[in-house]
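Participant: Sequence and predicted structure, then a few things I'm wondering about:
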Amino acid sequence: MRLLHGARRVLLENWTGTSTVPSRGLYPHQWSWDSAFIAIGLRHLSPHRAQRELETLLAAQWGDGRIPHIVFNPAVPLDAYFPSPDFWRSSSAGAALGAPTAVETSGIVQPPVHALACLLVHRADPRASARRGFLARVYPRLAAWHRYLAEHRDLGGGGLVSVVHPWEPGMDNSPCWDAPLARIAPASPDTFHRADLDHGAATDRPTDLDYGRYVRLAADYRDRGYGDDGGASSAFCVEDPGVNALLIASEHALAEIATAVGADPTPHQSRARRLTAALVERLWDPAAELFLCRDLRGGGLIPELSAAGLLPLIVPDLRREVAAALIRTASGPHFGLGGPVRLVPSYDLLGHAFDPYRYWRGPAWFNVNWLLERGLRLHGAADRADALRSAALDAAVSSGFAEYVDPYTAEARGTRDFSWTAALALDLLVAAEREASSVEASRAD
């Protein structure tokens, strides 16, 4: 009951009337993959509001199909967040690519979990969803989003989606990006103000050097008009297993959505098969028993073990031996599932760069653990999934719905009252209660 009330409070307090901010202080706008995860939890409180969350985001889609990673609220002061709308200048710098004129956005993207979110939101109340025409409205936008990724972001030519900025895969400060970022000359620190340090401890956040490199990459992309040009101008160009796994899961979801609205699911099913094959061919490392990132500028797989490499567990048609190897790796010394940690860390526990406090360099994140719980269950590891679900529910409450936590102790790090933590904990709670009710019903029979 405490979790239910707490999650509801966080999601109500962070609601703006059209969407949900990740947190009131640190992240005062709408974020792309945050809204997808938030909608997954919101569907248990209000399917209609969950639909509105997603439709607000999709309304800011660019003409080329991309869904920007931030949709800016014009009521928020410019100095409340950096990079702010006047940095991205989307409506002017992105005009040739169909950036919206009614709202300012960023120009980069985030992982494509949106079709999966839309399908789950629809399932929360299929009749009401059908009456509102929810799937019929979102399907063309989701299809355009996936086409953008397929046609403009296969920068390695091997069938996988590439990211052109560390913020795009969502795991912003991962040690996986250290080598690719080392080639980037940082922007001068006197050219920007880090608003994130006004709300969080410097020990929890990226270093000034890395932040300067993020700013340089974003400014260069903006100054090229946000064009992808086959990746020729991208100094940072990486194939990430988490991004591609989420795209595969969303292609499967989009096939189901297509069927529901009377469209042909075959293109989405075919693309999911091709992506799954390419994912294993290009990013699977049998020695590490993990998917690795590929640096398209450095010429090979990046030898860092990240939780992104476990996320292909959410892929339905993953080969049985690969899924079994991923479960071994998740349960082994590098990630500690079912062992010394309470939640799976974002980076290798034994890695040279492991830090249980610093952003994406070791702390445990609730969206990653929600995805892993789903993947474990999908591939037959129900006992491990149950234990992870229980640990995530306990950590969400004890941490005050923290942005992320120490994987060993679940001590809160980052900001508190974080929306996707509340939303995904709520989703896990509902699933646990339904499972318990089903068991009770079967016993009664």
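Facilitator: That came through, no problem. Please read all numbers here as calculations on a predicted model, not as lab measurements.
Participant: contacting residues around Ala272?
Facilitator: Contacts of Ala272 were listed using C-beta atoms under 8 Å, 6 or more residues apart in numbering, and they are Ile248, Glu251, His252, Ala255, Asp317. For every residue, glycine as well, the C-beta is placed using N, CA and C.
Participant: now these: which count as buried?
Facilitator: Buried members of the contacts of Ala272, scored by 16 or more other C-beta atoms under 10 Å, are Ile248, Glu251, His252, Ala255.
Participant: Spatially, which two of the contacts of Ala272 are the most separated?
Facilitator: Ala255 and Asp317 (12.1 Å; C-beta to C-beta).
Participant: hang on, isn't Glu256 packed against Gln269?
Facilitator: No. The criterion here is C-beta atoms under 8 Å, and Glu256 misses it with Gln269 at 9.8 Å.
Participant: quick one: low-confidence ranges for the stretch 151-300 of the chain?
Facilitator: Residues of the stretch 151-300 of the chain that meet the criterion pLDDT under 70 lie in 197-200.
Participant: For it, which segments count as strands?
Facilitator: 162-163, 238-239, 284-285, 290-291, 294-295, 300-301 (DSSP state E, counting those that start in this stretch).
Participant: Throw those strands into TSV and include distance to Pro175, thanks.
Facilitator: Formatted as TSV, the strands of the stretch 151-300 of the chain follow (distance: least, C-beta to C-beta, whole Å):
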stretch	distance to Pro175
strand 162-163	16
strand 238-239	13
strand 284-285	16
strand 290-291	14
strand 294-295	13
strand 300-301	14
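Participant: Now mean neighbour count and distance to Arg413 too, for these, in JSON lines please.
Facilitator: Compiled in JSON lines, the strands of the stretch 151-300 of the chain are given as follows (neighbours: other C-beta atoms under 10 Å; distance: least, C-beta to C-beta, whole Å):
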{"stretch": "strand 162-163", "mean neighbour count": "26", "distance to Arg413": "24"}
{"stretch": "strand 238-239", "mean neighbour count": "28", "distance to Arg413": "25"}
{"stretch": "strand 284-285", "mean neighbour count": "18", "distance to Arg413": "29"}
{"stretch": "strand 290-291", "mean neighbour count": "28", "distance to Arg413": "24"}
{"stretch": "strand 294-295", "mean neighbour count": "20", "distance to Arg413": "28"}
{"stretch": "strand 300-301", "mean neighbour count": "13", "distance to Arg413": "29"}
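Participant: Show me the one of the ones you listed that comes nearest Arg384.
Facilitator: strand 290-291 (16.7 Å).
Participant: other SSEs contacting the closest one?
Facilitator: helix 320-331 (3 or more C-beta pairs under 8 Å, 6 or more residues apart in numbering; DSSP states H and E).
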